[in-house]
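Asks: Okay, sequence plus prediction incoming.
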2 protein chains.
Amino acid sequence: MSDSLPAAGLQLQSTVTAQGELNLTLAEVPVRAPSADEVLVRVEAAPINPSDMGLLFGMADMTQAEAAGTPEAPAIVAPVPEKFLPAMKARLDQPMPVGNEGGGVVVAAGESDAAQALLGKTVGILGGASYSQYRTLKVDQCLALHDGTTPREGAACFVNPLTALGMVETMRLEGHTALAHTAAASNLGQMLQKICIADEIPLVNVVRKTEHVELLKGIGASYVCNSSEPDFMDSLTDALAETKATIAFDATGGGKLASQLLTAMEAAASRNADGFSRYGSTTHKQVYIYGGLDRSPTELTRNYGMAWGLGGWLLTPFLMRIGAEGTERLKQRVADEIKTTFASSYVQEVSLAEALTLEAISVYGKQATGEKYLINPNKGL
Amino acid sequence: MSDSLPAAGLQLQSTVTAQGELNLTLAEVPVRAPSADEVLVRVEAAPINPSDMGLLFGMADMTQAEAAGTPEAPAIVAPVPEKFLPAMKARLDQPMPVGNEGGGVVVAAGESDAAQALLGKTVGILGGASYSQYRTLKVDQCLALHDGTTPREGAACFVNPLTALGMVETMRLEGHTALAHTAAASNLGQMLQKICIADEIPLVNVVRKTEHVELLKGIGASYVCNSSEPDFMDSLTDALAETKATIAFDATGGGKLASQLLTAMEAAASRNADGFSRYGSTTHKQVYIYGGLDRSPTELTRNYGMAWGLGGWLLTPFLMRIGAEGTERLKQRVADEIKTTFASSYVQEVSLAEALTLEAISVYGKQATGEKYLINPNKGL
C-alpha cells in the first residue's frame, strides 16, 4: 500500500431531477483506499462509447442543452421530456457517475498477491465511473496490459473488443458458421472484421454510406452491403446465401433493418431448397439487437416463416453465460492484440471540463462513425 | 391385412396456379396399401384449424372467391395477388392435399406388431391430407384412443392439445414459472387454461371481447385481460406482476400486442426493483409468436431494456426438441384427458363437398373463436 494516496479527485456526474432536468457537473469525490483484493487506478483515458450515452444524457433533449457553471467548474443543463421520467424513477435526483471503461495506471494496491502484482502496471478497467480521476476497483475488473501499452491504447479494451469477440462466440455457441453486422464501419465493426479475417469466419457487413464500403474493403472485408443502394436486398441476399450467415447483430434497433436481415436470410435459405415448406425454411434465423442508434420502433414483416428469433444482446449477461474461464480467455486475446485487432481511434482527447462543453457534446453526442471522443480525466493536471 | 381395401377415395386438394388462381377441388385418389409399419385409416373427422388455412387458401383473396364445378363435384376459384406468388414458387401448379390432423378407424394394418395392435381401433392422426376419405400412415403418426372415444372426439388430439402442452413445457424448459397467452378464448386457449389449473401454473389470458372474459372465467380462469378496455396495460401489468409470468405465446403476430406484452412484463419486473438498472431489468422476457391472426407488421417499441426475446414457435420443431420419449408422454396425457381437458367443440360438421361452399368458407375462413368447422370425409356415404 502506498501511503501517499490523493485525498480526492474530480468525477463527471449526471443527475436527472424529478422536475425533468438533466444536470451534467464535475464533483470532487473522496478517494477510497483499496481493500485487500482491490487496486486504485489513476484514469488517464476513457472513451465515450454509444453504450455510455444513455446514462450520460438520461433521455434529455440535447438539442436544447445549455452551458452553465464556470470555466473551471463547467456544467450542462438540458430538459428531459416528461414521458421518459417514469422509466428513470430509480435514478431521479441521484448524481450518477458515468463511463463504462478506461485505461490508467495502478497507483496503490491492496495486500493480496493479485492486487500487488498490478502495482505500477498500466491496466484497462471496467465497472463504471471511468470519467473520474481516480477509481478503486477489484482486481478482476482490471486487464493488465503488456509492457509498452499506453493507457490511451488500452482505454477501450473491454466494451468493443469483448462485444466483438462475444458476437463471434455467440455465433459459435448457437450453431452458426457465419454472421452479419450492421453499422459495420464503427470501431467495433472494424474489430469484428479483423477477428473474422483472423479466424476465417465469413462476415457480411451492412453500412449506409459509400465511404464506409471503401473503409471496410480497405481492411480486407469480402462482403459489404450498402443499405442506401437500390439493390440492397439483392446484394444482401447474395452475400447471405454465399456465406450461409444465419445470425446477425444489429446496432440500430429501430426501423426495418432487423426485419430485412431476416427476410434476406429466409430468401437465401430457400434459394436452393427443393419442395414447398408451408411454414418457411426450417433454418433458424436469428437477429440480436445490441444497440439503439435508431430509437424508432422496430418493424417486422414476418415474411420469413416461423424459424426465427429476435432479441436484445448485452455484454454482461453474455460474459456470465461463458463464465470466468471463458471471459479470461477473451481478455487475454484482447491484451495480446490491443495494438492491432483491437486498436481504437479517436478524433479528440479532452479533459473532464472540456467534455462538458456544448461544442464537444454536439460532436460526440451524434455517435457518428469516426467521431469518437476520449476523455483524459488527468489531462493538463 | 384386410383384403377388402377400397380402391380409391375422395380428397380435398388446393392448387395455386402460376397464373395466380387458387383452385379448391375434390379429387379421386388411389388408396395405398399399408406397408409393415403402417395402417390405413378411414377418416371420419378432421378439424379446420387456423394452421390449415395457409395451405388451404394459398394467400388467395377469399373475398373474391367464386363457386365452380357441380353439386357432386364442387370447386372454388379465387384470385391470388401476384405479390404473393414468389413465396409460393415451390407449390405452384401442384395439387396439395390439406388437413393437419383428424380422427378415424384403422381398417387395415401392416404386418408389424405395432401396426396390427391398432387394427379396428379408433385413432387420432397427424401428418397432413386428413381432408381425405382414406389415409395411409405410419404407426407413430397415430394416437390410439381409449375405448369409448369417438373419431369426432379424437379428431383434434394433436395440434391444439400438443401445442397447449408444448407451451407449458417450453415455459418450464426455459426457466419460467408462469405464462401469458393471447386470443386466449380459442379452443386451444381453453385447453391451456385447463392444463394450467390442473398443473397449478398461473396463466394470464389476453382476449379482445367481454364475452371471452366471461367464457374463460366460467372455466376457472383467474387472470383475464381485455385488450379492448382502456385500462388494458394497467390490468396486464398487474396480472404479470402478480403471476411473475415472463413468457407469452401470441396467436396474433401483427400489430403492437407482442410489444405490449414485453412492455408490461418489464414494468412488472421493475415495479419492486431497487436501484437503477441502466439497461432495464435483468429478467429475461420472452414472447413467442405461434400464429398469424393479424397479418400486419409486428411493431416493437423496445422500451423494455435488453433482456428480451421474440421469435416464431412451431409445434414440430418443439417436439423434435423434446424427443420421442417426451412426445409420447404428452400424447398419452392427451389420450387420457381427451374428453375433459382436451375436448374440442365445433359449430358445424360438414362433408368434403359441403366444405367447398362459399357459405361454409365465409364462416370457417374467419378463424373466429367459437366458429370452428369439422369435416367428416365419410359423411353420408
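Replies: Noted; the coordinates are in hand.
Asks: Could you list every helix and strand in contact with the helix or strand where residue A:323 lies?
Replies: In this structure, residue A:323 sits in helix A:315-336 according to DSSP states H and E. For helix A:315-336, the packing partners by 3 or more Cβ pairs under 8 Å, 6 or more residues apart in numbering or on different chains; DSSP states H and E come out as strand A:142-144, helix A:159-173. Yep, even glycine has a C-beta here, placed from its N, CA and C like the rest.
Asks: What average pLDDT does the longest one get?
Replies: Per-residue pLDDT values over helix A:159-173 give a mean of 96.
Asks: which secondary structure elements does that helix contact?
Replies: strand A:179-182, helix A:187-199, strand A:247-250, helix A:315-336.
Asks: Tell me which of these sits nearest to residue A:110.
Replies: helix A:315-336 (19.6 Å; Cβ to Cβ).
Asks: in that closest one, what counts as buried?
Replies: Using 16 or more other Cβ atoms under 10 Å in any protein chain shown as the burial criterion, the residues of helix A:315-336 that qualify are A:315, A:318-319, A:322, A:326-327, A:330-331, A:333-335.
Asks: moving C-terminal of it, what's the next helix or strand?
Replies: Taking DSSP H and E, what comes next after helix A:315-336 is strand A:348-350.
Asks: And the contacts of the next helix or strand along the chain from that next one?
Replies: Per DSSP H and E, the first helix or strand lying C-terminal to strand A:348-350 is helix A:352-355. With contact meaning Cβ atoms under 8 Å, 6 or more residues apart in numbering or on different chains, helix A:352-355 is reached by A:10-12, A:26, A:48, A:71-74, A:131, A:133, A:360-361, A:364, A:373, A:375, A:377, A:379.
Asks: Residue A:186 contacts residue A:369, doesn't it?
Replies: Yes - judged on Cβ atoms under 8 Å, residue A:186 makes contact with residue A:369 at a distance of 5.3 Å.
Asks: Neighbour count for those two, which is higher?
Replies: residue A:186 (24 against 19; other Cβ atoms under 10 Å in any protein chain shown).
Asks: Could you tell me which of the contacts of helix A:352-355 count as buried?
Replies: Among the contacts of helix A:352-355, those classed as buried by neighbour count (16+ other Cβ under 10 Å) are A:10-12, A:26, A:48, A:74, A:131, A:133, A:360-361, A:364, A:373, A:375, A:377, A:379.
Asks: which residues does residue A:30 bridge with?
Replies: Going by DSSP bridges, residue A:30 is paired in beta bridges with residue A:8.
Asks: Relative to chain B, how far out is residue A:78?
Replies: Going from residue A:78 to chain B by Cβ to the nearest Cβ, to the nearest Å gives 18 Å.
Asks: residues of the one helix or strand that residue maps to that come out buried?
Replies: Per DSSP H and E: residue A:78 is located in strand A:74-79. Neighbour-count burial for strand A:74-79 flags A:74, A:76-79 (criterion: 16+ other Cβ under 10 Å).
Asks: Where does pLDDT dip in the stretch 101-250 of chain A?
Replies: Applying pLDDT under 70 to the stretch 101-250 of chain A flags no residue at all.
Asks: Kindly list the main-chain dihedrals of the residue in it that chain B sits nearest to?
Replies: Nearest residue of the stretch 101-250 of chain A to chain B: residue A:128, at 9.2 Å (Cβ to the nearest Cβ). Backbone torsions of residue A:128, given as degrees, to the nearest 10, read phi 90, psi 170.
Asks: Is it in contact with residue A:97, as I believe?
Replies: Yes - Residue A:128 is within contact range of residue A:97, at 6.3 Å (criterion: Cβ under 8 Å).
Asks: Tell me where the stretch 251-381 of chain A is predicted with low confidence.
Replies: If you take pLDDT under 70 as the line, the stretch 251-381 of chain A has these spans: A:272-276, A:278, A:381.
Asks: Now residue A:185: closest residue in space that isn't a chain neighbour?
Replies: residue A:212 (3.5 Å; Cβ to Cβ, 6 or more residues apart in numbering or on different chains).
Asks: looking at this, the one you found is in a strand?
Replies: No - counting by DSSP: H, G, I helix; E, B strand; the rest coil, residue A:212 falls outside a strand, being helix.
Asks: Pull the contacting residues for it.
Replies: Residue A:212 touches A:184-185, A:224, A:226, A:369, counting by Cβ under 8 Å, 6+ apart.
Asks: so who does residue A:169 touch?
Replies: Here residue A:169 is in contact with A:318, A:322, A:326, A:330 (Cβ under 8 Å, 6+ apart).
Asks: Return the distance of it relative to residue A:283.
Replies: 21 Å (Cβ to Cβ, to the nearest Å).
Asks: mean confidence for whatever helix or strand comes next after the strand holding residue A:78?
Replies: Sequence order places strand A:96-97 as the next helix or strand after strand A:74-79, per DSSP H and E. Strand A:96-97 carries an average pLDDT of 96.
Asks: Strand A:96-97: partners in the sheet, and parallel or antiparallel?
Replies: strand A:8-16 (antiparallel).
Asks: For the partner strand, what is the distance to the chain centroid?
Replies: Centroid separation for strand A:8-16 versus its chain: 21 Å, with Cα atoms, centre = their mean, to the nearest Å.
Asks: now that strand against strand A:74-79, angle please.
Replies: Angle of strand A:8-16 versus strand A:74-79, following axes from the mean of the first three to the mean of the last three Cα atoms, to 10 degrees, is 10 degrees.
Asks: Would you mind writing the CA trace of stretch A:253-266 as PDB?
Replies: Extracted in PDB, the C-alpha atoms of stretch A:253-266 (Å, rounded to 0.1, in the frame of the first residue of the first chain):
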ATOM      1  CA  GLY A 253     -32.600  -1.500 -33.400                       C
ATOM      2  CA  GLY A 254     -35.300   0.700 -34.900                       C
ATOM      3  CA  GLY A 255     -36.900   0.700 -38.400                       C
ATOM      4  CA  LYS A 256     -36.900  -2.200 -40.800                       C
ATOM      5  CA  LEU A 257     -33.300  -3.300 -40.900                       C
ATOM      6  CA  ALA A 258     -33.700  -6.300 -38.500                       C
ATOM      7  CA  SER A 259     -36.600  -7.500 -40.500                       C
ATOM      8  CA  GLN A 260     -34.800  -7.000 -43.800                       C
ATOM      9  CA  LEU A 261     -32.000  -9.200 -42.400                       C
ATOM     10  CA  LEU A 262     -34.400 -12.000 -41.500                       C
ATOM     11  CA  THR A 263     -36.200 -11.600 -44.900                       C
ATOM     12  CA  ALA A 264     -32.900 -11.900 -46.800                       C
ATOM     13  CA  MET A 265     -31.800 -14.800 -44.700                       C
ATOM     14  CA  GLU A 266     -35.000 -16.600 -45.500                       C
END
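Asks: and it, does that touch chain B?
Replies: Yes - counting by Cβ under 8 Å from any Cβ of the partner chain, contacts between stretch A:253-266 and chain B involve A:253-254, A:259.
Asks: Not counting its own residues, what contacts that stretch?
Replies: A:180, A:182, A:206, A:227, A:232-233, A:236-237, A:240, A:245-246, A:248, A:250, A:252, A:280-281, A:283, A:285, A:287, A:289, A:291-305, A:308, A:310, B:297, B:302.
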